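J.: need a structure here:
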Amino acid sequence: MDYLINLGSFFWYSLIIPIAIWTMFALPIWWIGKFIKTHPMISYYSKLVLFFSLPVSIVVYNLMGFLGTNLMQLLGFTPTTDVFGQIIYLQEIVVGNQESGSIWLLVTGLVAFGAGLMILFGVYKLIISMVEIQQFRKNGVLTAFDTDIESLSEVQNRLNVRKRISLYRSDVAEVPFTFGFTKPVIVIPNLVYQENQLRSILTHEVIHIRRGDFLLHCFEHVNLAVFGVHPLVRVLAKEIRELREMTCDAIVLTDSMFKASEYANLLFEFARAKQEPKLSAALSMAVKESKVKERINQMRFYSRSAEDLNRIQRKGFGMSIAIFVVMIGFVACTESAFKDGGADNVVSPNLQEESAAERAEALQFEPKMNDDETFIVVEQMPEPIGGMKSIYDKVEYPDIARKAGIEGRVVVQFVVDETGKVVDPHVIRGIGGGCDEAAIAAVAGVEFTPGYQRGVPVRVQFQLPIVFRLQNTSEG
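T.: So this is what the prediction gives:
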């Protein structure tokens, strides 16, 4: 039971939240792209970046959480110091226990366990497909004709591809396909081809090899195996496969020796063929009949100029880089709104009762004051009447946060005025779910003894970290 709860907690904070953040960003971009007609090259790069930004976003999110407060301070997102000196932290308090929210975390743990099984099954299918491809290479292919080899050599020279490529014919394969990265292989159906047909097929497949599409295709399979339960991931994977073939079509048609009408007829022939399921990891020239019209219609808008296509490709690449940078920045900045970056030296309110004055003395600061005549360190620091327990007793863990499994550190900054009243309490780092408001309400309801500097009561600024925690913590 505890194992599933811990698994659920890890799954929620390490995967569900960053996936939700990614979805918030990726879904609008994908939706807008459905209504904007762009060149397939631009759409391909943009959706490829969206697709692979999910695992990168998860890594960045958890990295930000791991580095925590130190990195945020370095970047200036969570200021605990200013140009005049350090703001005094009141002793951190922890509220909450493990019982509340445990059912939710248990359910999340069960979901995580099921997701793990699905991931293992997806990876298993990929491995089996790769093994089947290698077996097919040994037992299911025929030696290519000399004319095939000559055509391949001519295509490689024209595309400036120096990598050694193996070419085979097959009585089993109904469509041309490519596999392999370091030792790429092209397999074509054992049919009679016109010279231009063969060259267009080989050009299409060599373009895949030149771009390293097979390796990218394998990474897509892994990403799909891990995150395939997400509907947008599956949609993006499908669209990327279709757009990849369209971009190859566009490059093929920049060669003046190929006519669009003849190439379209070739696609119609392959649309009626089916590739063996065991070869799903290979890059196939096949296209579904339902999509062949769309693919052929797109050819009308392709430029026959290689220079124009290169310009479009650079534009698509630039847009993709921009999307990726904004996406990662969005995830990194949003992390602090969902997850505590780490709580060091966490103590419960009834342990190590250390006064604010003692903490100030230990810091050995001279009295310091900021621009609005509010002190940061004074000779006699304010103290909460009734001790830290008076604040702790006023903090209530919001039900919505308990049910959603939200936990983390809320940092409240406030000023204790000359009469000991709390002024301007506000959250400088929150976690949502009502916890921010609960922390402010608790601080606002506490009275302090005033702070004194040279015998005169003064305004003093504080920061108070309040940790909302559903897991077991030491509470005395």
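J.: where does pLDDT dip in the stretch 301-450 of the chain?
T.: Applying pLDDT under 70 to the stretch 301-450 of the chain flags residues 334-372.
J.: show me where it has helices.
T.: 306-338, 356-363, 388-392, 399-404, 435-444 (DSSP state H, counting those that start in this stretch).
J.: okay, the last one in CSV with CA atoms only?
T.: C-alpha atoms of helix 435-444 as CSV (Å, rounded to 0.1, in the frame of the first residue of the first chain):
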residue,chain,number,x,y,z
CYS,A,435,-2.6,27.0,0.1
ASP,A,436,-1.4,30.5,-0.7
GLU,A,437,-4.5,32.1,0.7
ALA,A,438,-4.4,29.8,3.8
ALA,A,439,-0.8,30.9,4.5
ILE,A,440,-1.7,34.6,4.1
ALA,A,441,-4.7,34.2,6.4
ALA,A,442,-2.6,32.5,9.1
VAL,A,443,0.1,35.2,9.0
ALA,A,444,-2.4,38.1,9.0
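J.: okay, buried residues for it please.
T.: Neighbour-count burial for helix 435-444 flags 435-436, 438-440, 442-443 (criterion: 16 or more other CB atoms under 10 Å). Every C-beta, even on glycine, is put in place using the N, C-alpha and C of the backbone.
J.: what's the most distant pair in these?
T.: The largest distance within those, taken as CB to CB, falls between Cys435 and Val443 and amounts to 12.7 Å.
J.: before we move on, the earlier item: need the helices of the stretch 301-450 of the chain in a markdown table with distance to Ala260, can you?
T.: Output for these, formatted as a markdown table (distance: least, CB to CB, whole Å):
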| stretch | distance to Ala260 |
| --- | --- |
| helix 306-338 | 14 |
| helix 356-363 | 76 |
| helix 388-392 | 74 |
| helix 399-404 | 55 |
| helix 435-444 | 60 |
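J.: Pro28 is nearest to which of those?
T.: helix 306-338 (11.4 Å).
J.: what about the closest one, distance to the chain center?
T.: 13 Å (CA atoms, centre = their mean, to the nearest Å).
J.: report the angle between that helix and helix 435-444.
T.: 40 degrees (axes from the mean of the first three to the mean of the last three CA atoms, to 10 degrees).
J.: quick one: what helix or strand has the spatially most central residue of the chain in it?
T.: In the chain, the residue lying closest to the centroid (CA atoms, centre = their mean) is Ser57, at 2.1 Å. Ser57 is part of helix 40-75, with elements assigned from DSSP states H and E.
J.: and that helix, average pLDDT?
T.: For helix 40-75, mean pLDDT is 77.
J.: one more: stretch 256-274?
T.: Mean predicted confidence for stretch 256-274 is 79.
J.: picking up where we left off before, nearest to Glu239, of the helices of the stretch 301-450 of the chain?
T.: helix 306-338 (14.4 Å).
J.: and Ala26, how many neighbours does it have?
T.: By the criterion of other CB atoms under 10 Å, Ala26 has 24 neighbours.
J.: I'd assumed Ser53 was in contact with it.
T.: Yes. Using CB atoms under 8 Å, Ala26 is in contact with Ser53, at 7.1 Å.
J.: what residues do those two have in common as contacts?
T.: Counting by CB atoms under 8 Å, 6 or more residues apart in numbering, the residues touching both Ala26 and Ser53 are Met327.
J.: residues touching Ile323, list them.
T.: With contact set as CB under 8 Å, 6+ apart, Ile323 has these partners: 29, 46, 49-50, 53.
J.: same thing with Thr374?
T.: 415, 458-461.
J.: what is the nearest of the residues you listed to Asp255?
T.: Nearest member of these to Asp255, counting by CB to CB, is Gln461, at 70.6 Å.
J.: does the closest one belong to a helix, a strand or coil?
T.: State at Gln461, reduced to three classes by DSSP: H, G, I helix; E, B strand; the rest coil: strand.
J.: isn't it right next to Ile376, touching?
T.: Yes. Applying CB under 8 Å as the test, Gln461 and Ile376 come out as touching, 5.6 Å apart.
J.: can you give me the neighbour number for Gln453?
T.: 16.
J.: any figure for the gap between the nearest residue to it once chain neighbours are set aside and Val416?
T.: What sits nearest to Gln453 in space, not counting adjacent residues and going by CB to CB, 6 or more residues apart in numbering, is Val378, at 4.3 Å. According to CB to CB, to the nearest Å, Val378 and Val416 sit 10 Å apart.
J.: now do the shared contacts for the two.
T.: 451, 460.
J.: and the residue nearest to the centre of the chain, how far is that from Met24?
T.: Distance from Ser57 to Met24, by CB to CB: 11 Å.
J.: ditto for His204
T.: 37 Å.
J.: these two - which one has more neighbours?
T.: His204 (24 against 12).
J.: what's the helix or strand for the more buried one?
T.: Remark: His204 resides in helix 195-211, with elements defined by DSSP H and E.
J.: can you give the domain ranges for the chain?
T.: 124-308, 344-468 (automatic domain parsing).
J.: looking at this protein, which helix is longest?
T.: helix 102-139 (DSSP state H).
J.: ok so, going back, dump the contacts of Thr374 to JSON lines, plus neighbour count and distance to Thr38.
T.: As requested, those are exported to JSON lines (neighbours: other CB atoms under 10 Å; distance: CB to CB, whole Å):
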{"residue": "Val415", "neighbour count": "17", "distance to Thr38": "53"}
{"residue": "Val458", "neighbour count": "21", "distance to Thr38": "62"}
{"residue": "Arg459", "neighbour count": "21", "distance to Thr38": "58"}
{"residue": "Val460", "neighbour count": "28", "distance to Thr38": "58"}
{"residue": "Gln461", "neighbour count": "21", "distance to Thr38": "52"}
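J.: a markdown table for the residues you listed, including distance to Glu407?
T.: Listed next are the contacts of Thr374 as a markdown table, based on distance: CB to CB, whole Å:
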| residue | distance to Glu407 |
| --- | --- |
| Val415 | 28 |
| Val458 | 36 |
| Arg459 | 33 |
| Val460 | 30 |
| Gln461 | 27 |
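J.: list just the nearest of the residues you listed to Arg162.
T.: Distance ranking of the contacts of Thr374 against Arg162, using CB to CB, places Gln461 first at 66.9 Å.
J.: ok, what's across the strand from the closest one?
T.: Using DSSP bridges, the bridge partners assigned to Gln461 are Val415.
J.: how far away is it from Gly420?
T.: 14 Å.
J.: swap in Asp399?
T.: Asp399 is 32 Å from Gly420, by CB to CB.
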